[in-house]
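>>> Provide a 3D model corresponding to the input given below.
(2 chains)
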Amino acid sequence: MQDVYIAIIILWAFLFIYAIAGSIDFGAGFWAMFYRKRTDTKAASIANRYLSPSWEVTNVFLVLLVVALVSFFPGAAATLGTLMIVPFCLVLFLLTIRSAFMVYSYSVQKYTNMLVIISGVTGLLIPALLISILPAAIGGFIEVVGDRQYVLIDQLFTSPTFYTHLGFGLSTELFLSALLLSDYAKEAGSEETYHVYRRNAIILGPITLSFAVGAILTLIPEAFWMFENMANEWLLFTLSLLAFSIGYSALWWPTKKFKIGRPRLAVLLIALQFGLASFAYGSAHMPYFLYPDVTIYDAFTNEVMFRLLLIGYGVGMAILVPVFIWFWRLFMKDKRYLKQDTTH
Amino acid sequence: MMDNVMLARMIFGTSIAFHIIFATLGVGITLMILVAEIMRIIRKDEDYGTLAKRWTKGVAILLGVAIPSGTIVAVMLSLLWPGFMEIVGQVIALPFQVEIFAFFLEALFLSIYIYAADRLSPTMRIVSVFFVALGATASAVLITNAHAWMNTPRGFDLVNGQVTNVNPLAAVNNPSFYVTSLHVVGSAYMTGAFVLASVAAYKLFRGGLTEREVTYHRKGLTLSLAIGLIMSVYTMNNGHDTAIMLHEHIPVKLAAAEGLFETQANAPLAIMGTPDPEAGRVIGGIEIPGMLSWLATGSTDGVVRGLYDYPQDEWPPLFVHTLFNVMVGIGSALFGLAVIFWVLWFFRRKTKKPYPKWLLAGLVASGPLAMIGIETGWIFSCTGRQPWTIYGIQRTSEAATNSGNLGMLFFLFVSLYLVLLVLTGLVMHYFFNRNPVSKELQTMS
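Just a heads-up that it's a prediction; the model follows:
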């Protein structure tokens, strides 16, 4: 395989991890807000318990993604930077407020209610802004005036594919987080919370799927080149659909604990579905970063740097994976953490 | 309409100035926590455990702001300086990449240390703090690596705007890396120590404490000033090495720092005053003849290059002279305070007599002063490199984005930083007021 393809696959892997981890993280924030006033369910406190230790780590994946993009594809920085400067700066702005309040509320209890609202609202806005980059990258939304580049916000906002992408992003976020939280609730032994999140997942699954189809169909008038490429990836899309069907149906499979549903299996299969679909979407986008100006070949770094970066990622991951596993055990498996009564 | 380059510099400058407060304390105070945990074992004294615990609460709040503000800076580098990042990506991507892993280490162990503290064994607690401290320090070193490379770029050639002959390891191993990163780490440790000394000195200065509390705060003060003294001696010595490095590799920056216009042997050291390019000397300062030559070359006969050797459009702004003086002045003053403290400590160690009010007042000021030293030092280092982003290779104006939406973003981020500064202060104040140390000392005894 060409080096440039190894680089783009690593980048896709980081994007995929951040998309999953970020969806769950921001989604948990939303659910904690959604159920904050409800005294009949522990849904809010379960979401908060997941969120407290995980947001800092999720945040690092965002930086990893940006650094990987710039170091593997320095040539893409200029144009993508212009395209992304407004949405990304807003993301940074919201992310900072959210993170700061996470910490404030841990130290000072009177901020807890404010945190729940801030993390719930930003939990919808941040993913919406991030996903808006995707339709913008299919091209046609940048205007050059003199030596300055402007994003054509009005054209972007009136394009149907922008809204189908947005709907897809938000429904995926809520779907994935509801699924994971149902699994987390099961692990924590809270049957009633499990059923709350299972029901949310059941409602959101088909909505996610319809938005996905909608996003593809609305690409036809905007970017026919991409639609054509996607048709060539039919096998991946079919497999992805299959993974979705099995994963979704796993919510009804019989089990001993709580009688119905296998949320762990559902989470894994839906993540697989998401992985396959995003890989297919990414492949159809190739070789363009930004249609039609920036290709991965133009933007790729030199061979020497590529080799060193590859070694760097290998060594870094080898050191970090054991820490990730320990982290997972402390917060996702340890009953002393999962079953405590307080909210954090 | 304001110049795009200026706007980009304003956004990035404010972001860095904000981040540096939290990042520096994150590096400095985590070291102090580690030292306190070690002292607790050596002395078998639970007071050190209490110090470590309370410092951890503070640093958790600070790192909660340091992590997202670091994310802002990291992402903004690509957004605001695409021309710069295009070269960085091909030549000096390694420290940025490795820094991510240091960042991961810090974030993972910080979460473990804070949210799982009650489930960790004492050894694992120390291991966790150690990795938080290691991650923070390594991040500082790695980011300084890229900063040092901007001052003394190596490992590539720029031919007709194209990067060729790339040698990433030579770029990492650039001549100012070691001296600059040691300066950054040493001064961060020094600042962390003086900020904590400042807190203890404030409690002792205000008075009204029980004898138990006085003992506790004196331990905090002594421990902080032990590290404070060591680090200020170290940082001063290293500052001298930095001057030699500047003399050898970026003489124009040294000339601007010292307000030296004429290339000369027996060059004087000008303290304060205003550099006047018409008169060719510093007006209104104190001049020590031969001192600059001696500092930079080791002999008063050494020739130091002046600003007149360079075309005027390659001069840094002349106000860097003041920034440089403030940084050096604060460093020396803090060293002086620490020395006075230790002299008094030695003569009063038997009697346990309280420290004089004037010394405590000075020590209360030491923390904020150290922070001003850090800020002026960074502004000096980055402004003193102007008009270049990559010294001698890329001008700042060539590196900036041509996006047209910067004005709004500047106001957005400045207001964000102001709000966060105030809120973080309030949260700290509220938290430590609600949980006074007297409560913890009582439950212990």
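>>> ok, B:Leu80 to chain A distance?
Distance of B:Leu80 to chain A, given as Cβ to the nearest Cβ, to the nearest Å: 8 Å. Using the backbone N, CA and C atoms, a C-beta is placed for each residue, glycine as well.
>>> got the contact list for the nearest residue to that residue once chain neighbours are set aside?
Nearest non-adjacent residue to B:Leu80, counting by Cβ to Cβ, 6 or more residues apart in numbering or on different chains: B:Ala8, 4.5 Å away. Shown in contact with B:Ala8 (Cβ atoms under 8 Å, 6 or more residues apart in numbering or on different chains): B:80-81, B:400-401, B:406.
>>> against which helices or strands is the helix or strand harbouring B:Leu323 packed?
Assigning secondary structure by DSSP states H and E places B:Leu323 in helix B:320-348. With contacts defined as 3 or more Cβ pairs under 8 Å, 6 or more residues apart in numbering or on different chains; DSSP states H and E, the packing partners of helix B:320-348 are helix B:177-206, helix B:211-249, helix B:251-258, strand B:274-276, helix B:357-383.
>>> pLDDT score for the residue nearest to B:Leu80?
Predicted confidence (pLDDT) for B:Ala8: 89.
>>> separation between it and chain A?
10 Å.
>>> what's the helix or strand for that residue?
helix B:4-43.
>>> chain A: which of the helices and strands packed on helix B:320-348 is closest?
helix B:177-206 (16.3 Å; Cβ to the nearest Cβ).
>>> between that closest one and helix B:211-249, how many degrees?
150 degrees (axes from the mean of the first three to the mean of the last three Cα atoms, to 10 degrees).
>>> on that earlier part again, okay, the helices and strands packed on helix B:320-348, which one's buried deepest?
Comparing the helices and strands packed on helix B:320-348 by mean neighbour count (mean count of other Cβ atoms under 10 Å in any protein chain shown), helix B:251-258 ranks first with a mean of 26.
>>> how about the strands of the stretch 1-150 of chain A, start to end?
According to DSSP state E, counting those that start in this stretch, the stretch 1-150 of chain A carries its strands in the segments A:142-145, A:148-151.
>>> my guess is B:Thr300 contacts B:Leu292, does it?
No - with contact defined as Cβ atoms under 8 Å, B:Thr300 does not reach B:Leu292; the gap is 9.2 Å.
>>> quick one, which of the two is more surrounded?
B:Leu292 (27 against 16; other Cβ atoms under 10 Å in any protein chain shown).
>>> below-threshold pLDDT in chain A: ranges please.
A:1, A:39-40, A:50-52, A:78, A:139-153, A:257-258, A:332-335, A:337-344 (pLDDT under 70).
>>> around chain B, pick out the residues from the stretch 201-344 of chain A.
A:301-302, A:304-305, A:308-309, A:312-313, A:316, A:319-320, A:323-324, A:326-327, A:330-331, A:334, A:336-337, A:344 (Cβ under 8 Å from any Cβ of the partner chain).
>>> out of these, which are buried?
For those, a neighbour count by 16 or more other Cβ atoms under 10 Å in any protein chain shown gives the buried set as A:301-302, A:304-305, A:308-309, A:312-313, A:316, A:320, A:323, A:327, A:330-331, A:337.
>>> quick one: which of those residues sit in helices?
A:304-305, A:308-309, A:312-313, A:316, A:320, A:323, A:327, A:337 (DSSP state H).
>>> ok, of these, which one's closest to chain B?
A:Gly316 (3.9 Å).
>>> residues contacting the nearest residue to that closest one once chain neighbours are set aside?
Using Cβ to Cβ, 6+ apart and skipping the chain neighbours, the partner closest in space to A:Gly316 is B:Phe101 (3.9 Å). Contacts for B:Phe101 (Cβ under 8 Å, 6+ apart) come out as A:316, A:319-320.
>>> ok, 10 Å please
By Cβ atoms under 10 Å, 6 or more residues apart in numbering or on different chains, the residues touching B:Phe101 are A:60, A:64, A:312-313, A:315-317, A:319-320, B:135, B:138-139, B:142.
>>> now, the most widely separated pair of the contacts of B:Ala8?
B:Trp81 and B:Leu406 (12.2 Å; Cβ to Cβ).
>>> ranges for the helices of the stretch 51-200 of chain A?
Per DSSP state H, counting those that start in this stretch, the stretch 51-200 of chain A carries helices over the ranges A:77-107, A:112-131, A:133-137, A:153-157, A:160-188, A:191-217.
>>> now these as a markdown table including mean neighbour count?
Output for the helices of the stretch 51-200 of chain A, formatted as a markdown table (neighbours: other Cβ atoms under 10 Å in any protein chain shown):
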| stretch | mean neighbour count |
| --- | --- |
| helix A:77-107 | 23 |
| helix A:112-131 | 21 |
| helix A:133-137 | 20 |
| helix A:153-157 | 12 |
| helix A:160-188 | 24 |
| helix A:191-217 | 19 |
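>>> check which helices and strands the one helix or strand B:Tyr430 maps to sits against.
B:Tyr430 belongs to helix B:406-434 when assigned by DSSP H and E. Using 3 or more Cβ pairs under 10 Å, 6 or more residues apart in numbering or on different chains; DSSP states H and E as the contact test, the elements touching helix B:406-434 are helix A:77-107, helix B:4-43, helix B:46-80.
>>> next SSE downstream of the last one?
This means helix B:46-80. Following helix B:46-80 in sequence, per DSSP H and E, is helix B:82-91.
>>> how far does the next helix or strand after that following helix sit from the chain's center?
Per DSSP H and E, the first helix or strand lying C-terminal to helix B:82-91 is helix B:93-115. With Cα atoms, centre = their mean, to the nearest Å as the basis, helix B:93-115 stands 19 Å off its chain's centre.
>>> buried by neighbour count: which residues of helix B:93-115 qualify?
Buried residues in helix B:93-115 (16+ other Cβ under 10 Å): B:93-115.
>>> that helix to helix B:46-80, inter-axis angle?
Going by the same axes, to 10 degrees, helix B:93-115 makes 140 degrees with helix B:46-80.
>>> alpha carbons of helix B:93-115, as PDB, please.
The C-alpha trace of helix B:93-115 is given here as PDB (Å, rounded to 0.1, in the frame of the first residue of the first chain):
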ATOM      1  CA  ALA B  93       6.000  17.500  13.700                       C
ATOM      2  CA  LEU B  94       7.700  15.000  16.100                       C
ATOM      3  CA  PRO B  95       7.500  17.100  19.300                       C
ATOM      4  CA  PHE B  96       3.900  17.900  18.600                       C
ATOM      5  CA  GLN B  97       3.100  14.200  18.100                       C
ATOM      6  CA  VAL B  98       5.000  13.000  21.200                       C
ATOM      7  CA  GLU B  99       3.400  15.800  23.200                       C
ATOM      8  CA  ILE B 100       0.000  14.300  22.600                       C
ATOM      9  CA  PHE B 101       1.200  11.200  24.400                       C
ATOM     10  CA  ALA B 102       2.500  13.200  27.300                       C
ATOM     11  CA  PHE B 103      -0.900  15.000  27.300                       C
ATOM     12  CA  PHE B 104      -2.700  11.600  27.400                       C
ATOM     13  CA  LEU B 105      -0.500  10.400  30.300                       C
ATOM     14  CA  GLU B 106      -1.300  13.600  32.200                       C
ATOM     15  CA  ALA B 107      -5.100  13.400  31.500                       C
ATOM     16  CA  LEU B 108      -5.500   9.700  32.200                       C
ATOM     17  CA  PHE B 109      -3.500   9.800  35.500                       C
ATOM     18  CA  LEU B 110      -5.100  13.000  36.600                       C
ATOM     19  CA  SER B 111      -8.600  11.400  36.200                       C
ATOM     20  CA  ILE B 112      -7.400   8.300  38.000                       C
ATOM     21  CA  TYR B 113      -5.800  10.400  40.800                       C
ATOM     22  CA  ILE B 114      -8.900  12.600  41.300                       C
ATOM     23  CA  TYR B 115     -11.800  10.200  40.700                       C
END
